[in-house]
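# Have a look at this fold, sequence not included:
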């Protein structure tokens, strides 16, 4: 039954690939940010699945820190986007 | 218990795939936010719940550590995801991107006022 976890990780990786395609072929910046935000959420879930597969809690810690840092990054890009257009 | 956990993980994967399909198909940013944020949060809640349930039956040390850390990561996802979606939607509305197919902008005066005050 341990193999089903690695199948889950593979499916999540395929979802990330689709999101990368979405980033490459979108029209303006906010649509790219939306796809990037979805990638961040999915990467946290991937880290949790890998931590369960290898039975190490270190991967899950990496996921937590990645989530917080990507949250700050998204807020900063949103602020930059807003201040750029007003000038 | 094991089978229930895998059923939960399967449901979560299905919901996450639906969020990706929504992002590929919808026309503009606001509908894409509607598709992406809610479904990806919900799908990750299901997947992490399955993993927590998988560790719930064992009582050894590593299982308890993995369970608690997965709960913390789930908490991070639940708190940060709606806030960042709100920030993106607000920034794109204030920077003047109209929703798809909209002729009249209802938020124009509000937009001008917030732009004059210059705060996010």
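Structure's in. What do you need? None of the values given here were measured: they were computed from a predicted structure.
# Could you report the pLDDT at residue B:104?
If you check residue B:104, the pLDDT there is 75.
# now it: how far from residue B:98?
From residue B:104 over to residue B:98 the distance is 9 Å, taken as Cβ to Cβ, to the nearest Å. To be clear about C-beta, it is placed using only N, CA and C from the backbone, and glycine gets the same treatment.
# which one of these two has more residues nearby?
residue B:98 (14 against 6; other Cβ atoms under 10 Å in any protein chain shown).
# got the contact list for residue A:70?
A:37, A:40, A:43 (Cβ atoms under 8 Å, 6 or more residues apart in numbering or on different chains).
# Now flag whichever of those is closest to chain B.
residue A:37 (5.6 Å; Cβ to the nearest Cβ).
# isn't the closest one right next to residue B:84, touching?
Yes: using Cβ atoms under 8 Å, residue A:37 makes contact with residue B:84 at a distance of 5.6 Å.
# what do these two both touch?
Between them, residue A:37 and residue B:84 share the contacting residues residue A:74, judged by Cβ under 8 Å, 6+ apart.
# next one: the helix or strand where residue A:21 lies to chain centre, how far?
Using DSSP states H and E, residue A:21 falls within helix A:3-24. Remark: helix A:3-24 is offset 11 Å from the chain centroid, using Cα atoms, centre = their mean, to the nearest Å.
# Brilliant, that's me finished.
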